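*Asks:* Fold the following and give me the result.
(one chain, ligands or ions: 1)
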Amino acid sequence: MQDKIAELRRHLSPIYDLKAISYLLEWDQSTYMPPGGASARARQVAFLEGLRHERLTDPALGRLLEDLHAYEETLPYDSEDASLIRVTRRDHERAVRVPAPFVAEAYGHFAQTYQAWMEARPANDFETVRPYLEKSLDFSRRYAEFFPESEHVADPLIAEYDYGMTASAVSKVFAELHAELVPLVKVVTNQGEADDSCLRQRFPESTQWDFALEVIQRLGYDLRRGRQDKSPHPFTTVFSIGDVRITIRVRERDLGEALFGAIHEAGHALYEQGVEEGLEGTPLAEGTSAGVHESQSRLWENIVGRSQPFWRFFYPPLQKLFPEQLGKVSLDTFFRALNKVQRSPIRTEADELTYNLHVMIRFDLELQLLEGKLAVRDLPEAWRERYRADLGIVPPDDRDGVLQDLHWYWGFVGGAFQGYTLGNIQSALFFEAALREHPEIVGEMEEGEFATLLSWLQEKIYRHGRKFTADDLIERITGGPLRIGPYMDYLRDKYGALYGV
Ligand code: ZN
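*Replies:* Residues are numbered from 1 along each chain as shown. As a prediction, this is how the structure comes out:
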């Protein structure tokens, strides 16, 4: 059967490469490409996506998978060959449902939408991007029709990001979390806001840039296999296990923007750089789900990067870099500023406590759009209403309202948001498990050492790529299903101590 496995890998390798080339074109579009390149770029990405889809849906691949079926049954679930066959079959069977012309047309449209959004957002102009979004929503509902067995129109979209999850499963977890989170946010915000003026001074961009790069290398981000660039919306992208790049944005009057953006993206990148090299060129060589991916970015950004032990190590060198701004600011004041809880309009700038409320708003609005209960035309107003109800604030304009996230403007509407909060929940589950095995992790953070934590994550999560689903990983690592307990314990401990509640 080894010749069949070799044949399978030969078939899969160009699919992997076509995806990487698309990612490269998209990375370029978001970093260096002049606006004049937009329409050609849209055509090029659509062309590559079409090719990739053709190759993935090739009946020859289906036959190969059939031939391998008996062999697969003889293998343990976690063997590399069994995982390769299983995950390839899943991708193939999902892809054959969706006709190639539809994919090409949709991706061509998404690239144009993204360009329109890039111009509409700074101009605070929802009306210009509205017809694009309406068409994207239409594509999303048509996509769902290719999976008629689904219980909910959002399920096929959610499965693309968080395989194994459904609209009803997510709604159930979110309802539990919402019920515990809202009173906690209330108690904490009733204590009055922390003073974060120390973060809002003038911090020269290049020093911020260098410090961020220094920190993420210390965490383990390997610059021989990565790089850091600027883009309007930070992201991580993968061209191969040997080339995993991040982008960040820097703001002179916000010390957190570049630094936590970099740590967040480095968390994603550590995951991708940690995939076992032997999986390269196969569908296994990738983080397993949006939720698990986000569990890593949030674990490094929040559980590590916004913790006391982390700053006991990094605050003195930061003070040295900015003596005028931070020389007289105590670690305690700085730490409180970093963990300020505030009802604010922007998701990516939200603190750990209110962040999930932002995500749940988007998830609910998505479901309503997909169900046809909410028209795109009414979306900005629905957005304002939900912010008023859930966060007690109204965004000043659409730029900081419905236009703030790129997700609805560069792909299907649906599936992309639940992963953020699932990731937060999972980050605490995984970190708790790591601490149980290695209580020394906390002491190491105070020394600026992260190797024990990183190698534990590598061993338990990163190296496997997509071999295991999110549910598999959670079960293997924690011995139980997804649950919010450890996450709520983490939040209550941390913010209870900070706010004396
Ligand atoms: Zn992320």
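*Asks:* Mind checking the pLDDT average for the strand or helix carrying I263?
*Replies:* Using DSSP states H and E, I263 falls within helix 255-273. The average pLDDT within helix 255-273 is 97.
*Asks:* Hey, what's the angle from the following helix or strand past that helix to helix 255-273? Just curious.
*Replies:* Downstream of helix 255-273, the first helix or strand assigned by DSSP H and E is helix 290-298. Interaxial angle, helix 290-298 versus helix 255-273 (axes from the mean of the first three to the mean of the last three CA atoms, to 10 degrees): 130 degrees.
*Asks:* coming back round to it: quick check: which helices or strands does the helix holding I263 pack against?
*Replies:* helix 205-219, strand 236-240, strand 243-248, helix 290-298, helix 451-460 (3 or more CB pairs under 8 Å, 6 or more residues apart in numbering; DSSP states H and E). Quick note: C-beta positions are derived from backbone N, CA and C, even for glycine.
*Asks:* Return the distance of stretch 347-361 from the chain's centre.
*Replies:* Computed by CA atoms, centre = their mean, to the nearest Å, the chain-centroid distance of stretch 347-361 equals 13 Å.
*Asks:* ditto for stretch 282-295
*Replies:* The answer for stretch 282-295 is 10 Å, by CA atoms, centre = their mean.
*Asks:* Restricting the selection to alpha carbons, write it to CSV.
*Replies:* Output in CSV follows, covering the C-alpha atoms of stretch 282-295 (Å, rounded to 0.1, in the frame of the first residue of the first chain):
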residue,chain,number,x,y,z
THR,A,282,-0.3,17.3,2.6
PRO,A,283,-3.6,18.6,4.0
LEU,A,284,-2.3,17.7,7.4
ALA,A,285,0.3,20.4,7.5
GLU,A,286,-1.9,23.1,9.0
GLY,A,287,-3.5,24.1,12.2
THR,A,288,-6.6,21.9,12.8
SER,A,289,-9.3,24.5,13.3
ALA,A,290,-10.0,28.2,13.7
GLY,A,291,-10.8,27.6,17.4
VAL,A,292,-7.6,25.7,18.2
HIS,A,293,-5.6,28.2,16.2
GLU,A,294,-7.1,31.0,18.2
SER,A,295,-6.5,29.1,21.4
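*Asks:* same question for that stretch, mean pLDDT?
*Replies:* 98.
*Asks:* what does stretch 176-185 give?
*Replies:* 95.
*Asks:* mind listing what's buried in it?
*Replies:* Using 16 or more other CB atoms under 10 Å as the test for burial, stretch 176-185 gives 177-178, 181, 184-185.
*Asks:* just to revisit the earlier point, tell me the angle of the helix holding I263 relative to helix 451-460?
*Replies:* 40 degrees.
*Asks:* got the angle between helix 255-273 and strand 236-240?
*Replies:* 30 degrees.
*Asks:* export helix 255-273 as PDB, just CAs?
*Replies:* What follows is helix 255-273, C-alpha atoms only, in PDB (Å, rounded to 0.1, in the frame of the first residue of the first chain):
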ATOM      1  CA  LEU A 255       1.800  50.800  23.100                       C
ATOM      2  CA  GLY A 256      -0.400  47.700  23.100                       C
ATOM      3  CA  GLU A 257      -1.300  47.700  19.400                       C
ATOM      4  CA  ALA A 258       2.000  46.500  17.900                       C
ATOM      5  CA  LEU A 259       3.100  44.400  20.800                       C
ATOM      6  CA  PHE A 260       0.000  42.400  21.500                       C
ATOM      7  CA  GLY A 261      -0.700  42.200  17.800                       C
ATOM      8  CA  ALA A 262       2.700  40.600  17.300                       C
ATOM      9  CA  ILE A 263       2.300  38.200  20.200                       C
ATOM     10  CA  HIS A 264      -1.100  37.200  19.000                       C
ATOM     11  CA  GLU A 265       0.100  36.500  15.500                       C
ATOM     12  CA  ALA A 266       3.200  34.900  16.800                       C
ATOM     13  CA  GLY A 267       0.900  32.500  18.700                       C
ATOM     14  CA  HIS A 268      -0.600  31.500  15.300                       C
ATOM     15  CA  ALA A 269       2.800  31.300  13.700                       C
ATOM     16  CA  LEU A 270       4.300  29.100  16.500                       C
ATOM     17  CA  TYR A 271       1.500  26.600  15.800                       C
ATOM     18  CA  GLU A 272       2.300  26.500  12.100                       C
ATOM     19  CA  GLN A 273       6.100  26.500  12.500                       C
END
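*Asks:* and that helix, how far from the chain's centre?
*Replies:* 11 Å.
*Asks:* all helices for the stretch 101-250 of the chain, in order.
*Replies:* Using DSSP state H, counting those that start in this stretch, the helices of the stretch 101-250 of the chain run over residues 126-145, 155-161, 167-189, 205-219.
*Asks:* Next SSE downstream of the helix or strand containing I477?
*Replies:* Per DSSP H and E, I477 falls inside helix 470-478. Remark: after helix 470-478, the chain's next helix or strand is helix 485-499, criterion DSSP H and E.
*Asks:* In terms of secondary structure, what does that following helix contact?
*Replies:* Partner elements for helix 485-499 (3+ CB pairs under 8 Å, 6+ apart): helix 167-189, helix 352-371, helix 418-437.
*Asks:* got the angle for the last one vs helix 255-273?
*Replies:* This means helix 418-437. 80 degrees.
*Asks:* circling back to that earlier point, with respect to burial, which of the helices of the stretch 101-250 of the chain scores highest?
*Replies:* helix 155-161 (a mean of 22; mean count of other CB atoms under 10 Å).
*Asks:* With distance to K328 as new columns, can the helices of the stretch 101-250 of the chain be given to me in a markdown table?
*Replies:* Below are those laid out as a markdown table (distance: least, CB to CB, whole Å):
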| stretch | distance to K328 |
| --- | --- |
| helix 126-145 | 44 |
| helix 155-161 | 46 |
| helix 167-189 | 27 |
| helix 205-219 | 18 |
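*Asks:* Those: which one's closest to W117?
*Replies:* Judged by CB to CB, the one of the helices of the stretch 101-250 of the chain that comes nearest to W117 is helix 126-145, at 5.3 Å.
*Asks:* just checking, what packs against that closest one?
*Replies:* Checking 3+ CB pairs under 8 Å, 6+ apart, helix 126-145 ends up next to helix 100-120, helix 155-161, helix 352-371.
*Asks:* how long is stretch 458-470 end to end?
*Replies:* 15 Å (CA to CA, to the nearest Å).
*Asks:* If you count residues, where's the longest helix of this protein?
*Replies:* helix 2-31 (DSSP state H).
*Asks:* following that one, which helix or strand shows up next?
*Replies:* For helix 2-31, the following helix or strand on the C-terminal side (DSSP H and E) is helix 38-56.
*Asks:* rewinding a little: got a list of contacts for the helix holding I477?
*Replies:* 162-165, 288-289, 291-292, 422, 426, 429-430, 432-433, 460-461, 464, 468, 480-482 (CB atoms under 8 Å, 6 or more residues apart in numbering).
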